[in-house]
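1. I would like the atomic coordinates for the input below:
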Amino acid sequence: MTNYVFGALLLHSAGKPVDEANLKKVVSAVGDADEAKIKALVSALEGVNIEEAISKAAMPVAAAAPMASSQAVEKKEEKTEEDTAKKAEEAAEGLGALFG
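-> Numbering: from 1, shown residues only. Next up is the predicted model:
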């Protein structure tokens, strides 16, 4: 189904109408075109503002990226604190062995 969606996006970016005939030409260029999938996608896209749909779909991805990186930093900080505590404990055990 991805070829069909990419085909529709290609037609849209080229300024061509996203209709059954044009979509069939694009999809047929990369393989067999399934008429039922073409009809379903074209009917699903009727009345959809593709530019608006793309911009809405891109926002959650852009908003999630900073959150993911901040969560990674927090996890790294937690590990660093744990590593520091563990190293201090090991050092104390080593010193204990010298005097024990």
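2. Contact partners for L41?
-> By C-beta atoms under 8 Å, 6 or more residues apart in numbering, the contact set of L41 is 1, 4-5, 8, 23. C-beta here means a position set from N, CA and C on the backbone, and glycine is covered the same way.
3. now these: which count as buried?
-> Listed as buried from the contacts of L41 are 4, 8, 23; burial here means 16 or more other C-beta atoms under 10 Å.
4. Check which helix or strand V48 maps to.
-> Using DSSP states H and E, V48 sits in no helix or strand.
5. which of the buried ones among the contacts of L41 lies closest to L45?
-> The shortest approach to L45 among those belongs to A8, at 6.3 Å (C-beta to C-beta).
6. Just give the nearest non-adjacent residue to the closest one, would you?
-> Once flanking residues are discounted, A8 sits nearest to V18: 4.9 Å by C-beta to C-beta, 6 or more residues apart in numbering.
7. Please look at the one you found and L11 and confirm they touch.
-> Yes. Contact status for V18 versus L11: in contact at 4.9 Å, counting by C-beta atoms under 8 Å.
8. Give me the secondary structure label for P17.
-> coil (DSSP: H, G, I helix; E, B strand; the rest coil).
9. what about stretch 42-50, how long is it end to end?
-> 12 Å (C-alpha to C-alpha, to the nearest Å).
10. Check which residues of that stretch are buried.
-> Neighbour-count burial for stretch 42-50 [16+ other C-beta under 10 Å]: 42, 45.
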